[in-house]
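In: Predicted model and sequence below, questions to follow.
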Amino acid sequence: MNQETYSGAGEPPGKDRTDSGGAFEPHKGSPFTGNFWANMPIPQAHVAALLLGGALEAVARRPIGRDAHVRRLAGLLLLPSAVGLIAWAMAAAGDVRIDRPEELVTRGPYTFSRNPMYLGWALISLGISFLVNSRWLLAASGAAALFQHLHEIPQEEASLLAQFGAEYAGYRQRTRRYL
C-alpha cells in the first residue's frame, strides 16, 4: 500500500482519495470527526497501574522525594506534552482506524516514533506519579510500560508486519520504536 491511495472505512477498496487537482488529502474535514475518537486508546495496562498505585498510595504513602518544586515542574511539563503527543498521533491517523488499519500511518509523530501513543501514555503515567509524589504510582507505571514493551507492542508489530509486509519492515528499519 502506498500513501497515495486511501482505503478508509466506508469507502470501496482501492478508491483514490484525491481532490480535483490530484493532490493527496490525508485529512478531510475536522480532525475531531470520523475516526478521531475511535482512535482514542484505552491503555488498560496504564489504567490498571494508576488504580493499583493509587490504592497502594492510599494505604501506605511512599513519596518519591522531598524536592517538590522540581518534581511538580516535571509532572506539569510531562502531562500536557504527553496529551499533545497522543492528540497529534490521533489526528495523524485521520480516518485510519488504528485498531484495524487499512493503511500504514507514517505521518505526524509516526515519522519519528512507531509508538507515539504508547509513549504518550507512559509519559502521562510518569507525570501523574511526579505530581502525586508517589513511588507506588511510579513503580506501577513502570511495570505497565514494561508489560506493553514486552507483550503488547511485539504482538502489534507482528500483526503489522503480517498485514503490510515489506512496507512495514522498511518503516520499522528507519523509525525507532519510541524516540
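Out: That came through, no problem. Residues are numbered from 1 along each chain as shown.
In: got a list of what the closest residue to I98 other than its chain neighbours touches?
Out: Taking C-beta to C-beta, 6 or more residues apart in numbering, and ignoring the residues beside it in sequence, I98 has N39 as its nearest neighbour in space, at 4.9 Å. (C-beta placed from N, C-alpha, C; glycine too.) Listed by C-beta atoms under 8 Å, 6 or more residues apart in numbering, the contact partners of N39 are 90, 93, 96-99.
In: For A145, I want the exact helix or strand it lies within.
Out: For A145, the host element (DSSP states H and E) is helix 135-147.
In: Just the buried residues of that helix, please?
Out: Neighbour counts over helix 135-147 (16 or more other C-beta atoms under 10 Å) mark 135-142, 144-145, 147 as buried.
In: Distance to S113 and pLDDT for these - can I get that in a markdown table?
Out: As requested, the buried residues of helix 135-147 are exported to a markdown table (distance: C-beta to C-beta, whole Å; pLDDT from 0 to 100):
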| residue | distance to S113 | pLDDT |
| --- | --- | --- |
| R135 | 28 | 96 |
| W136 | 28 | 97 |
| L137 | 24 | 97 |
| L138 | 22 | 97 |
| A139 | 24 | 97 |
| A140 | 23 | 97 |
| S141 | 19 | 97 |
| G142 | 19 | 97 |
| A144 | 18 | 97 |
| A145 | 14 | 97 |
| F147 | 19 | 97 |
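In: Just the closest of these to V105, please.
Out: Proximity of the buried residues of helix 135-147 to V105 (C-beta to C-beta) peaks at A145, which lies at 21.8 Å.
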